[in-house]
Every structure is written in structure tokens, then in C-alpha cells.
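Visitor: Make a model of this:
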Amino acid sequence: MQTLIINIKELLQVRETPVDKVSGSEMAILPSIKNAFLLIEDDVIVSFGTMNDCPKINPDKTIDAIGKIVLPSWCDSHTHIVYAGNREQEFVDRINGLTYEEIANRGGGILNSAKKLNETSEDDIYNQSKKRLEEVIQQGTGAVEIKSGYGLTVEGELKMLRVIKKLAQNYPIAIKSTFLGAHAFPLAYKENHSAYIDLIINEMLPKIAEEKLADYIDAFLETGYFSVAETERIMEAGKQFGLRSKIHVNQFTAINGIAACVKHNALSVDHLEIVTDEDIEALKDSETMAVALPSCSYFISIPYTPARKMISAGLPLALASDFNPGTTPSGNMNFVVATACIKMKMTPEEAINAATINGAYAMGLSKTHGSITAGKKANLIITKPLHSFYEMPYAFGSNLIEQVLLNGKVIA
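Guide: Numbering: from 1, shown residues only. Sure, this is the predicted structure:
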């Protein structure tokens, strides 16, 4: 099956020589071809170039993209798409002046979602979650990481991870699964953290490994949640089961968590609304990707990740949605990219790099996703006719996507 896209106004994120990620000043460079073609065979990109070099073939399908931008699908490396119910009451509580911590102390927050999830059947959770997944696919996301973490019991966590596995089996989008049993301490373990971590390590992890339910392991490393030492225990345990870590860190406070994550070769450190000079030094020359979640900052009115400071220091940065019921009830990566430009002063080039190739790196998919490269998956966004790709973050409230392709096929 051959699909030929012709007359592309501008083909973005063209990487003839594959790269795993881009860092520092390289993030401002977004390679592109104007008046381009793109040839797909089955589910992969096979060639691309200017229309002057367009092959004279009779493909099975031709898409005329005159006036339109084509770019790789968004790679959203941090979501909590699988959950039950919602937390709309907490949204109103915050409007009325309660903080995230005050809501959590009243039994809200993560524990509220855990209560709902454990009361909901696996089939019901799947049916709720698949609607959210279908929505983000239509919004241009072509690869997504999904975390557990709203079970906080052996059965609850397994139930979530099984739902993630079923979504991966039933949808054409690339899905990576992350075990986040260390999302919060259940009330029964509030005064006995060690016993809950024992439950994670001795009961949850062996069953997850046996059923092959996770690719990564995560923890909420934060004041009032999991300490640096507790998170290190979890990262070490994950390694024993072949699970590299991707850690929530520095959302509200900086407690030397980033250095610990780098020491344990975490694939990513996510949130980073608070970043110290020491954190930046720890990340330099490491294999750990920094991941910013700007729509979380937008929704709960906390600081934005200091992107300019980090990029100026030579670091790579990825963007992700943090789609979850409490602090970011949206997986719209178009809004994430726009918010990064508007509030974090990232250029459109930097933001698109962060949401494609660097996002792919942050979930171990940069060999197959995140750029226009021969041999990579043909996961693409075709926009409506635009003046330039700058219009994508500029017109932040408009739906500028005309078509989405996953594995070479147009998604209806």
C-alpha cells in the first residue's frame, strides 16, 4: 500500500540523519522542506523531498496538501489517561481558594481518584479511558505514555495496567505503560511508608513483571509524598524487573530529587516547575530528558518550567500533557505547544522539537517516532491551509488539524 502526499507547503521535522533528541541551541532549529512530497509504504515513511524530485508513480492513494503543513504526530510522554470519574468539584474548590495540598489533606486529589477507581469495574474504566484516547488521537497525538497510580492497591494497580495493555492492543497509536504505584501513600499506610513500599516491591512488581504490564516505573518524588530515599528504593526495585524510571519531581519543591534520578539513569524527570542551578548541573551531560507539563501549570496556577534557563544551559526539553483528572483534564498537545510558546517563551521551533523528537525520546520511541525520517512510522499531522507553521501556536484556540495518519492510514 503506497500513499503519496504532494504539494506540501512545508514538511517539518525532516531528519535525513536520525537523531535521538535535540538539546540547547539545537532546539531552535527545525529542519523543513518547502513545496514537498512524502511517500509512505504500508506503515512507514520511505522517501521525501521537493516536488521537483517527486517520483513518477501510481500510488494506491494520493493526498494533495497544497497550502498545508505536514509534521510528525505529537509524542506525549506523560499522561494519566486511564482513570475513573472526574474531579470537577476540586476544580471549583480551587477557584474558591483551596490549594492543591489543602484539597489532598481533605481526602481529595490522588486518593479521591484512587477511591473511585477501586470502586469501578475494569470494563467501565476501559470504556471511559478509550474515549479520552480517541480524542487525543484526533488532536494529533501519535504516541503516548500512560501511567497507573490511581489504584494504590495490588488489584487496583493491576486493573489499570491491564486497561492500558488492552488500549495498546486495540488502537493503532503507540502506547508505553508506566507503573506508578508510588503516586501517593494510601490512608492505611500514612504513618508506615516503608510497609507500602514493601507492598509495591514485593507484591505489585512481581505480578506486573509476570504479566508484562509495564515498560517503566515512576514515583511522585515530592515533599509530603515520596522522599528521595524512598524514591531511590523504588527506582532500584524497578531495575531488578527491567523497568527504567520516569519520575515526577520538582513540581512544588526542590529537594535534590533530580540528582538522585540522574544517578539512577532515569529516562525522564517530569514537571520541573521549580528548578535550581544544582538541578541543571545534575542534568547536564546525562541521558535523562527533562519534561515540562505547561497545561498543568496553566490549570492549577503554579509556576511554569523555566524553559529559557534550561535551554540556555544546553539541556534538552520535552513537552507533554499530563492528562489527568485532577490537575490537567486535557490531553490536547496543540494547546501544550501553544502554552509553551506563550507562557514559557519557547519559540515555535523549540516547542515542536520538544513535542515530537524529544517527546519520543522521553518514552523510548525516538528510533521509530518523532521525526520525518525514512524507516520511521508514518504517524503524521496534516494541517488545514496555513500562512506558516507559526500559526499553530498563535491561533491557540483553533483546531488547525485537517487529517491525522497513524501507521500510514488516515484516521476517520
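Visitor: Give me the pLDDT value at the nearest residue to Thr347 once chain neighbours are set aside.
Guide: Leaving aside its sequence neighbours, Thr347 sits nearest to Ala28 (C-beta to C-beta, 6 or more residues apart in numbering; 5.9 Å). C-betas here are computed from N, CA, C, even on glycine. Looking at Ala28, its pLDDT reads 98.
Visitor: close enough to count as contact, Ala28 and Glu350?
Guide: Yes. Shown here, Ala28 and Glu350 form a contact pair, counting by C-beta atoms under 8 Å, at 5.7 Å.
Visitor: More neighbours: which of these two?
Guide: Neighbours per residue (other C-beta atoms under 10 Å) separate Ala28 from Glu350, with Glu350 holding more: 27 against 14.
Visitor: any idea which element the more buried one lies in?
Guide: Using DSSP states H and E, Glu350 maps to helix 348-355.
Visitor: repeat for Phe37
Guide: If you go by DSSP H and E, Phe37 is part of strand 32-41.
Visitor: what's the angle between that strand and helix 348-355?
Guide: Counting by axes from the mean of the first three to the mean of the last three C-alpha atoms, to 10 degrees, strand 32-41 lies at 30 degrees to helix 348-355.
Visitor: helices and strands around strand 32-41, which ones?
Guide: strand 2-12, strand 44-50 (3 or more C-beta pairs under 8 Å, 6 or more residues apart in numbering; DSSP states H and E).
Visitor: Make CSV out of the ones you listed and add distance to Ala354 and mean pLDDT.
Guide: Shown next, in CSV, are the helices and strands packed on strand 32-41 (distance: least, C-beta to C-beta, whole Å; pLDDT from 0 to 100):
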stretch, distance to Ala354, mean pLDDT
strand 2-12, 13, 98
strand 44-50, 21, 98
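Visitor: Need the ones you listed in TSV (columns: mean neighbour count).
Guide: Converted to TSV, the helices and strands packed on strand 32-41 look like this (neighbours: other C-beta atoms under 10 Å):
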stretch	mean neighbour count
strand 2-12	21
strand 44-50	17
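Visitor: For Ile125, find the nearest of these.
Guide: Set against Ile125 and scored by C-beta to C-beta, the helices and strands packed on strand 32-41 come closest in strand 44-50, at 33.0 Å.
Visitor: what's downstream of the closest one, the next helix or strand?
Guide: Once the chain leaves strand 44-50, the next helix or strand it forms, by DSSP H and E, is strand 61-64.
Visitor: buried ones in that next one?
Guide: Within strand 61-64, the residues scored as buried using 16 or more other C-beta atoms under 10 Å are Ile63.
Visitor: and the next element down the chain from it?
Guide: Counting by DSSP H and E, the next helix or strand C-terminal to strand 61-64 is strand 68-72.
Visitor: partner strands of that following strand, parallel or antiparallel?
Guide: Strand 68-72 has its sheet partners listed here by DSSP bridges as strand 2-12 (parallel), strand 380-385 (antiparallel).
Visitor: What would it look like as CSV? C-alpha coordinates only.
Guide: C-alpha atoms of strand 68-72 as CSV (Å, rounded to 0.1, in the frame of the first residue of the first chain):
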residue,chain,number,x,y,z
LYS,A,68,-0.9,22.8,4.2
ILE,A,69,1.8,21.9,6.8
VAL,A,70,2.8,18.3,7.4
LEU,A,71,4.7,17.3,10.5
PRO,A,72,5.2,14.1,12.7
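Visitor: what residues does it touch?
Guide: Identification of contacts with strand 68-72 by C-beta atoms under 8 Å, 6 or more residues apart in numbering yields 5, 8-13, 36, 38, 142, 352, 356-357, 369-372, 376, 379-386, 388-389, 392, 402.
Visitor: Read off the pLDDT value for the nearest residue to Ser77 once chain neighbours are set aside.
Guide: Closest residue to Ser77 apart from its sequence neighbours, by C-beta to C-beta, 6+ apart: Ala362 at 3.7 Å. Ala362 carries a pLDDT value of 98.
Visitor: Okay, helices next: where are they in the stretch 201-350 of the chain?
Guide: 205-210, 228-240, 257-263, 277-283, 294-300, 307-312, 333-344, 348-355 (DSSP state H, counting those that start in this stretch).
Visitor: Which helix or strand in the protein has the lowest average pLDDT?
Guide: Between all helices and strands in the chain, the lowest mean by mean pLDDT, DSSP states H and E belongs to helix 100-105, at a mean of 83.
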